[in-house]
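> just to be clear, the model below is a prediction. Sequence and coordinates:
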Amino acid sequence: MRIARPKAARMLAAALAIGLFATACASERDEEESSGDTETFVFGAAGDPAALDPALASDGETFRITRQAFEALLEHEPGGTELIGGLAETWESNEAGTEWTFHLRDGVTFHDGGELTGEVVCANYNRWYNWTGTYQNPTLSYYWGSVFGGFAENESEDTSPSNYVGCTAPDEQTAVIEIAEPSANFPGAFSLQAFSILSPDSLDAIEGDDPSGEGENVTFPDYSQEAGTIAGTGPFSLSEWDKSNGEVTLARFDDYWGEPAGVEELVFRTIPEEDARRQALQAGDIDGYDLVAPADVETLAADGFQVPVRGVFNILYLGITQENNPALAEPEVRQAIAHALDRQNIVDTQLPEGGTVATQFIPDTVDGYSENVTTYDYDPELAQELLADADASDLSVDFCYPTEVTRPYMPAPADIYELLRADLEAVGITVNPVPLKWNPDYQETTRAGNCGLYLLGWTGDFNDAYNFLGTWFADYSLEWGFRDEELFEMMAAASTEPDVATRVAEYQALNEYIMDFLPGVPISSSPPSIVFSPDVNPPTVSPLTQENFAEVSFK
């Protein structure tokens, strides 16, 4: 059941909604509130989750939900990027950075009653390491592959050797994870939601429930498509995934080891269109949503809504897949594309105040940003000259862009696509539009390398440039479709450099090399806004978009 909010709060929401169309959803919620006795917070999500096992996911909409139910060894400070203890209260590494010891919190209980131990931590990490078959498909193992490389037995020649050696539990409250070589991914990667810990009973229950399919045609395992099959340790437990209505419901976990959640029930309701999310908030149907359209910020704030702004920690880029279109493998063609794009126009018309044109593949808030990269100013005439020099004046490209989604780095994908398409066509490039639903079609198609051009971006998982650069350029990938061994060797050297100052200098050199090579075109960085109704005590907003909704309560 859903609870009625305090009468004054409901009156305020109604007042703010004057003039809006009264939807059926509003009526249904009013009926539920009038008879309910459970305090419920409803958040408007921009897209559906891919799966409810975070280990199988790679997108923010999924992690926003699973983060409330599942926890990793480390976390980030509220509102910042500094690492703090998660399921591990303290941690340390050996001098070489190849052995990481985690001292677990006492008294942590899973939603199904199991207890957190070092052996349970190891069982989770060993499960991912020993994945076989479709589990090794990057659609399902994206973060494992990005961080640890390969598996116990790699089934593809393009899969890197694994950097994971093993995990041991010297006692019940300790887990020791060993890697073959030091990496800039650590310790930050131990905070990734994809490496959240499931209960031992969950691991037993899902054994043998495997995914199927190949390439971009992957079917997630059944257990990951329904709530209640796996248990975590978070302040909420998953109770229902109503796919027909686009809602995931979580219930407060009363035996949580930390501060209890401020509401009894948490609902994530998928509302793909930004205007519809705003109208739902104004009508009182939802209590908040993310990625507010820049044009709506002032209006919502003036009407009494709370609209905090995150710090800049993201990049939007135009990806280029070189393998499937030989012309795109020519440097002059990629340079022409870069010079054809009026990126300042994107910033001025599509992004919130504080957005900037990107000059490289990390934002300027991350150490390793270089002031000396090659830049590609908007110059349509030069773009045409470069295309002619490359004998590509008749270039035709498939351009993929996502629908039914809004991302922190990309508030209006279709609008951004239209502006970029017009720029490209203005210099003589024929653009073939390929709109795809974000989850799962778009992500699977881009990762399979089936788009000539595509829009994607990244919000940092932790504060190290390798989390951006290594995600894309550490090794060969289908979505970029190039093999540059010098670049891959430079990435490997920076990743394993133990001295932070030296590593930052290597990141700067990498940014300069990458922007000379130009595998894609960085477009912009932006500070996304999130909004809450006036009667809500909101969570601390995170530049990593890692809000903890257990902090939410009603005034």
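Nice, thanks for sending it over.
> in stretch 350-366, what's buried?
Within stretch 350-366, the residues that count as buried by 16 or more other Cβ atoms under 10 Å are 350-352, 354-363, 366. C-betas here are computed from N, CA, C, even on glycine.
> nope, stretch 153-163 is what I meant
159-160, 162-163.
> follow-up on the earlier one: so which of the buried residues of stretch 350-366 comes closest to residue 282?
When the buried residues of stretch 350-366 are compared for distance to residue 282 (Cβ to Cβ), residue 352 wins out at 19.1 Å.
> where in the protein is pLDDT low?
Applying pLDDT under 70 to the chain flags residues 1-38.
> go through it and flag its longest helix.
Criterion DSSP state H: the longest helix present in the chain is helix 500-517.
> could you list the residues in contact with it?
With Cβ atoms under 8 Å, 6 or more residues apart in numbering as the test, helix 500-517 has contacts from 184, 331, 359-362, 367-370, 372-375, 465-466, 469, 473, 484, 486-487, 490-491, 493-494, 497.
> then stretch 99-114?
So stretch 99-114 is contacted by 69, 73, 85, 87-93, 115-118, 120-121, 173-179, 186-187, 190, 198-202, 231-233, 237, 253, 255, 257 (Cβ under 8 Å, 6+ apart).
> among those residues, which ones are in strands?
Among the contacts of stretch 99-114, the ones falling in strands (DSSP state E) are 85, 88-93, 174-179, 237.
> and the next helix or strand past the helix or strand residue 435 falls within?
Residue 435 belongs to strand 430-437 when elements are defined using DSSP states H and E. In the C-terminal direction, the helix or strand that comes right after strand 430-437 (DSSP H and E) is helix 443-447.
> and that following helix, what's buried?
443-447.
> and the next element down the chain from that helix?
That would be, after helix 443-447 and using DSSP H and E, strand 453-459.
> so what are the sheet partners of that following strand and their directions?
strand 314-320 (antiparallel), strand 396-403 (parallel) (DSSP bridges).
> re the thing from before, distance to residue 128 added to the buried residues of helix 443-447, as TSV?
Listed next are these as TSV, based on distance: Cβ to Cβ, whole Å:
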residue	distance to residue 128
443	19
444	20
445	25
446	23
447	18
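> ok, and the closest non-adjacent residue to the one residue sitting closest to the centre of the chain?
In the chain, the centroid-proximal residue (Cα atoms, centre = their mean) is residue 60; its distance is 3.3 Å. In space, and not counting its chain neighbours, residue 60 is closest to residue 545: 5.7 Å by Cβ to Cβ, 6 or more residues apart in numbering.
> residue 268 contacts residue 247, doesn't it?
Yes: between residue 268 and residue 247 there is a contact at 6.9 Å, judged by Cβ atoms under 8 Å.
> mind listing the helices for the stretch 251-400 of the chain?
Using DSSP state H, counting those that start in this stretch, the helices of the stretch 251-400 of the chain run over residues 274-282, 294-302, 331-340, 343-350, 380-389.
> pick the most buried one from those.
When these are scored by mean count of other Cβ atoms under 10 Å, the highest mean neighbour count falls to helix 331-340 (a mean of 23).
> which strands or helices does it pack on?
Identification of packing neighbours for helix 331-340 by 3 or more Cβ pairs under 8 Å, 6 or more residues apart in numbering; DSSP states H and E yields strand 314-320, helix 380-389, helix 413-426, strand 520-525.
> could you rerun that using 7 Å?
Contact analysis of helix 331-340 by 3 or more Cβ pairs under 7 Å, 6 or more residues apart in numbering; DSSP states H and E lists helix 380-389, helix 413-426 as its packing neighbours.
> check what contacts it and list those residues.
320, 327-328, 376-380, 382-383, 386-387, 389-390, 392, 395, 423-424, 427, 518, 521 (Cβ atoms under 7 Å, 6 or more residues apart in numbering).
> now that helix against strand 453-459, angle please.
Relative orientation of helix 331-340 versus strand 453-459 (axes from the mean of the first three to the mean of the last three Cα atoms, to 10 degrees): 70 degrees.
> when you give positions from now on, start the count at 313
All set: I'll call the first residue 313, so the last point we hit is now helix 643-652.
> check which residues of stretch 806-825 are buried.
For stretch 806-825, the neighbour count (16+ other Cβ under 10 Å) marks 806-807, 809, 815-820, 822-825 as buried.
> got the contact list for residue 786?
By Cβ under 7 Å, 6+ apart, residue 786 lies in contact with 800, 803.
> gap between it and residue 779?
11 Å (Cβ to Cβ, to the nearest Å).
> over to residue 425?
Relative to residue 779, residue 425 is positioned 35 Å away (Cβ to Cβ).
> residue 709 reaches residue 638, doesn't it?
No: counting by Cβ atoms under 7 Å, residue 638 is not a contact partner of residue 709; they are 11.7 Å apart.
> more neighbours: which of the two?
Relative neighbour count places residue 709 above the other of residue 709 and residue 638, with 21 against 10, counting by other Cβ atoms under 10 Å.
> nearest spatial neighbour of that one, skipping sequence neighbours?
In this structure, residue 709 finds its nearest non-sequential neighbour in residue 764, 4.0 Å apart by Cβ to Cβ, 6+ apart.
> so what's the one you found up against?
Counting by Cβ under 7 Å, 6+ apart, residue 764 touches 633, 636-637, 640, 709-711.
> and what of residue 517?
Applying Cβ under 7 Å, 6+ apart, we find residue 517 in contact with residue 541.
> which parts of the helix or strand it falls within are buried?
Using DSSP H and E, residue 517 maps to helix 512-518. Under the neighbour-count criterion of 16+ other Cβ under 10 Å, helix 512-518 has 512, 514-515, 517-518 buried.
> now it: how far from the chain's centre is it?
Centroid separation between helix 512-518 and its chain, computed with Cα atoms, centre = their mean, to the nearest Å, is 26 Å.
> what sits up against the helix or strand that that helix is followed by?
As assigned by DSSP H and E, the chain's next helix or strand after helix 512-518 is strand 524-526. Identification of contacts with strand 524-526 by Cβ under 7 Å, 6+ apart yields 446, 531.
> for strand 524-526, the distance to its chain's centre please.
23 Å.
> quick one: strands adjacent to it?
By DSSP bridges, strand 524-526 pairs with strand 529-531 (antiparallel).
> which residues in the stretch 363-512 of the chain form helices?
372-378, 430-441, 450-460, 512-518.
> to residue 839, which of the ones you listed lies closest?
Smallest distance to residue 839 across the helices of the stretch 363-512 of the chain (Cβ to Cβ): 15.5 Å, for helix 372-378.
> now for the closest one, which elements pack on it?
Taking 3+ Cβ pairs under 7 Å, 6+ apart as contact, there are no helices or strands that helix 372-378 lies on.
> please state the offset of that helix from the chain centre?
Worked out by Cα atoms, centre = their mean, helix 372-378 lies 8 Å from the chain centre.
> please apply the same query to stretch 774-792.
That offset, for stretch 774-792, works out to 14 Å (Cα atoms, centre = their mean).
> list the buried ones in it?
Going by 16+ other Cβ under 10 Å, stretch 774-792 has these buried residues: 774-787, 789-792.
> gap between the two ends of it?
23 Å (Cα to Cα, to the nearest Å).
> same question, stretch 521-529
End to end - Cα to Cα - stretch 521-529 spans 17 Å.
> before we move on, the earlier item: can I get the buried residues of stretch 806-825 in CSV including distance to residue 363?
Formatted as CSV, the buried residues of stretch 806-825 follow (distance: Cβ to Cβ, whole Å):
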residue, distance to residue 363
806, 32
807, 28
809, 35
815, 34
816, 36
817, 39
818, 35
819, 32
820, 37
822, 33
823, 33
824, 38
825, 36
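> closest to residue 367 out of these?
Taking Cβ to Cβ as the measure, residue 807 is the one of the buried residues of stretch 806-825 closest to residue 367, at 22.2 Å.
> the closest one contacts residue 782, correct?
Yes: the criterion here is Cβ under 7 Å, and residue 807 meets it with residue 782 at 6.2 Å.
> now the contacts of stretch 411-426: which count as buried?
Neighbour-count burial (16+ other Cβ under 10 Å) applied to the contacts of stretch 411-426 gives 381, 385, 399-400, 403, 428-430, 432-433, 485-489, 491, 498-499, 502, 510-512, 514, 543-545, 549, 565, 569.
> kind regards, and thank you for your time.
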